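> Output the structure for:
(chains A and B)
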There are 2 protein chains.
Amino acid sequence: MRNIALSLQYKGSLYHGWQTQENAVTVQQLLEAAIQKVCAECVAVHGCGRTDAGVHALNYVCNFNSQTKIPDEKIPFAINCVLPDDIRIMTAKTVDDGFHARFSIKKKRYIYKILNSVHSDVFMKDLAWHYRRNIDMENVKRACDAFLGEHDFSAFCASGAQTNTHIRTIYSLDAQKENDVITIDVCGNGFLYNMVRIIAGTLAYVGDGRIDADDVPAIIESRDRRLAGITAPACGLYMAGAYYDFDIFEG
Amino acid sequence: MRNIALSLQYKGSLYHGWQTQENAVTVQQLLEAAIQKVCAECVAVHGCGRTDAGVHALNYVCNFNSQTKIPDEKIPFAINCVLPDDIRIMTAKTVDDGFHARFSIKKKRYIYKILNSVHSDVFMKDLAWHYRRNIDMENVKRACDAFLGEHDFSAFCASGAQTNTHIRTIYSLDAQKENDVITIDVCGNGFLYNMVRIIAGTLAYVGDGRIDADDVPAIIESRDRRLAGITAPACGLYMAGAYYDFDIFEG
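Numbers count the residues shown, from 1 in each chain, chains lettered A, B, ... in the order given. Alright, predicted model coming up:
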């Protein structure tokens, strides 16, 4: 039995997120169906985390056990043939039995894209948050630093989330603007439900002056969701990386 | 009566090109319907040229006569509200009576995008030509120079095109690669039917070695369509600019 890790790219606009659920089409469900078709076996794919409806992935990691004899390098070609064209396997690698895409994870990276322009962009439809009010990048960058390190991020967590602790560590948080597109790039040991989207919404409010950049440390410390900015829409969010003790797709 | 020029952006995937036709949805038809809704008058919009089904526009220029009292700067907001979200008016400007988007044109610019990678990219679906064979950019760049200047481009014209002459002047033709995306950028005084797509197909063949870069001048001179490369698919083509005696959207 092989333990096969996959790196996926998907455009989430048409899907109700990663995780299989009743009465909605999800990425996990379509991927399992595609593997079943190609490998002629029923598999359960373990994802590196849930993504919400409409959220995209640049590098989503998952794994499954299989008896297939298809060599690693041919797996993407074989399965991509039967996947819809908004889901792509980029790499496949047979890994140690102990590897689990979710439980073995050490670090995650997300990207959030804001289109900051008067008119929307037809090529970024469903791929960024269209935000008309002018965002001052100096203020945004200043606010980013406050998030770094270990904090209780209760102010940046949607209600109803089930988790033991709201303490997470953010290793890096950057915001860059190129033409009209602001890219927020965040890396941490884990993220609470909607945490990246609330950070993005808060940075947008800092950028347009509705929140003072200097108040962000106090907002984090307050652990009060009402003091942070809005939850930015799912369409701007990209799962950008899952990191483990070793680089699973190398060597 | 005002003569109003518009600059448009559109994603052409769902449309049968610019020009109104029976039994197919086109950009011109939807734009005229949107103007009629907002301005309460029946207008004929003159485009700067036809685009094929699936071709996109970054900066498509058109004009129409209207009695509307909406100020120029408010026209995009008013009409965009009733346009589908894959068609956007970026700018509107009242211009001289004599201006005609097609007849006044001096120069046109097109961009052609090739995704040169093993696996497709879910975010570039319908937005680039996915070309798997490796393209050597040195050879492509060397071939570009042969197209510059005035030539009879019969070898780069789809059959069935109705035009008096196949002589056109190309002012610039560049190809750049960034990550896996090759962008071909071409500017000329006019283009024959499918000319940019045949140039793109020829450059791809030069890049993968099926055509020798040194043979391109002879292929142009031959005026024989069979010697050039294939017609690259419509999805990679972007109408990128229409230029006139004066910058219509300035001042």
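> any idea where the helices of chain A begin and end?
A:27-39, A:75-80, A:137-147, A:195-207, A:216-222 (DSSP state H).
> How many residues are close by the nearest residue to A:Ile70 once chain neighbours are set aside?
Excluding the flanking residues, the one nearest A:Ile70 by Cβ to Cβ, 6 or more residues apart in numbering or on different chains is A:Ala78, at 5.6 Å. The way it works is simple: take the backbone N, C-alpha and C, and place the C-beta from them, glycine included. A:Ala78: 18 surrounding residues under other Cβ atoms under 10 Å in any protein chain shown.
> And for A:Asp212?
A:Asp212 has 14 nearby residues by other Cβ under 10 Å.
> For chain A, list the residues in contact with chain B, please.
Within chain A, the positions lying close to chain B (Cβ under 8 Å from any Cβ of the partner chain) are A:9-11, A:56, A:76, A:80, A:85-90, A:119-123, A:125, A:127.
> one more time with 7 Å, if that's ok
For chain A, the contact set with chain B under Cβ under 7 Å from any Cβ of the partner chain comprises A:9-11, A:76, A:80, A:85-88, A:90, A:119-120, A:122-123, A:125, A:127.
> tell me the two of those that are most distant?
A:Pro76 and A:His119 (37.6 Å; Cβ to Cβ).
> And these two? Which one has more around it.
Counted by other Cβ under 10 Å, A:Pro76 and A:His119 do not tie: A:Pro76 has more neighbours, with 21 against 17.
> For ChimeraX, write the select line for the buried members of the residues of chain A next to chain B.
To isolate the buried members of the residues of chain A next to chain B in ChimeraX, using 16 or more other Cβ atoms under 10 Å in any protein chain shown:
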select /A:9,10,11,76,80,86,87,88,90,119,120,122,123,125,127
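> residue contacts, A:Ile79?
By Cβ atoms under 7 Å, 6 or more residues apart in numbering or on different chains, the contact list for A:Ile79 reads A:34-35, A:38, A:89.
> and with 8 Å instead?
Residues in contact with A:Ile79 (Cβ atoms under 8 Å, 6 or more residues apart in numbering or on different chains) are A:31, A:34-35, A:38, A:89.
> count of residues packed around the residue in the stretch 151-251 of chain A positioned nearest to chain B?
Chain B sits closest to A:Tyr238 of the stretch 151-251 of chain A, with a gap of 9.3 Å, by Cβ to the nearest Cβ. Neighbourhood size, A:Tyr238 [other Cβ under 10 Å]: 28.
> My guess is A:Ser7 contacts A:Asn63. True?
No - here A:Ser7 does not reach A:Asn63: they are 10.5 Å apart, not a contact under Cβ atoms under 8 Å.
> The two: which is more packed in?
Higher neighbour count among A:Ser7 and A:Asn63: A:Asn63, with 26 against 22, using other Cβ under 10 Å.
> Do I have it right that the more buried one meets A:Ile4?
Yes - counting by Cβ under 8 Å, A:Asn63 does reach A:Ile4; the two are 6.3 Å apart.
> overlap in contacts of the two?
What both A:Asn63 and A:Ile4 touch, as defined by Cβ under 8 Å, 6+ apart, is the set A:Val95.
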